[in-house]
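Student: quick one, what's the 3D model for this:
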Amino acid sequence: MKRWSWAAALLPVVGVAVWLVPDSVDVVVITAIHPDGTVEWVDTEIRPAEENSSSVHELSQDRHVSKLAEDVVIRTALGCGTPSGLQLPWNGLGAVECSRADFLAMQSPPYAPRLTFNGDGEITEVAGRYHP
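Tutor: Modelled structure (predicted):
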């Protein structure tokens, strides 16, 4: 009976731990990209705007930090280095793949990217959006 009560006591803790690591965050503003692959961001949303048709607004002041996974996939609308031509699928997220090194060297982060995470909380995908 004691073994069962320990298992039952652990279930809520495991459930909370899984809940704290999201599968993805739809719209963020990357505030810093560090050479070691650490990325800092805030949660945001896209709102209609008269100029450029949309703008990004912070939802809170909470800063989040995560590392890029070794196998991270990075896509932007124009590429991470010299623009290589606009590529957009139907969802408005960029389709030009970037290398990890090019991403880490970017002067300004991609516009309002979606971040996807693995179970360890590492970023497995950065998908930037096109913004005129």
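Student: which other helices and strands does the strand ranked longest in the chain contact?
Tutor: Counting residues, the longest strand found in the chain (DSSP state E) is strand 64-76. When contacts are defined as 3 or more C-beta pairs under 8 Å, 6 or more residues apart in numbering; DSSP states H and E, strand 64-76 packs onto strand 38-48, strand 96-98, helix 100-104, strand 123-127. All C-beta atoms are positioned from the backbone trio N, CA, C, and that covers glycine.
Student: out of these, flag the one nearest residue 112.
Tutor: Evaluated over those, closeness to residue 112 peaks at strand 38-48, with 6.0 Å, by C-beta to C-beta.
Student: show me what the first helix or strand past that closest one going along the chain is in contact with.
Tutor: On the C-terminal side of strand 38-48, the nearest following helix or strand under DSSP states H and E is strand 54-58. Outside strand 54-58, the residues within contact range by C-beta atoms under 8 Å, 6 or more residues apart in numbering are 27, 29, 42-49, 111-112, 131.
Student: what about the longest strand of the chain, average pLDDT?
Tutor: Strand 64-76 shows a mean pLDDT of 95.
Student: just the helices and strands packed on strand 64-76: most buried one?
Tutor: Among the helices and strands packed on strand 64-76, ranked by average contacts under mean count of other C-beta atoms under 10 Å, first place goes to strand 123-127 (a mean of 22).
Student: follow-up on the earlier one: among the contacts of strand 54-58, which two are most distant?
Tutor: Longest distance between any two of the contacts of strand 54-58 is 20.2 Å, between 42 and 48; criterion C-beta to C-beta.
Student: which non-adjacent residue is nearest residue 118?
Tutor: residue 124 (5.0 Å; C-beta to C-beta, 6 or more residues apart in numbering).
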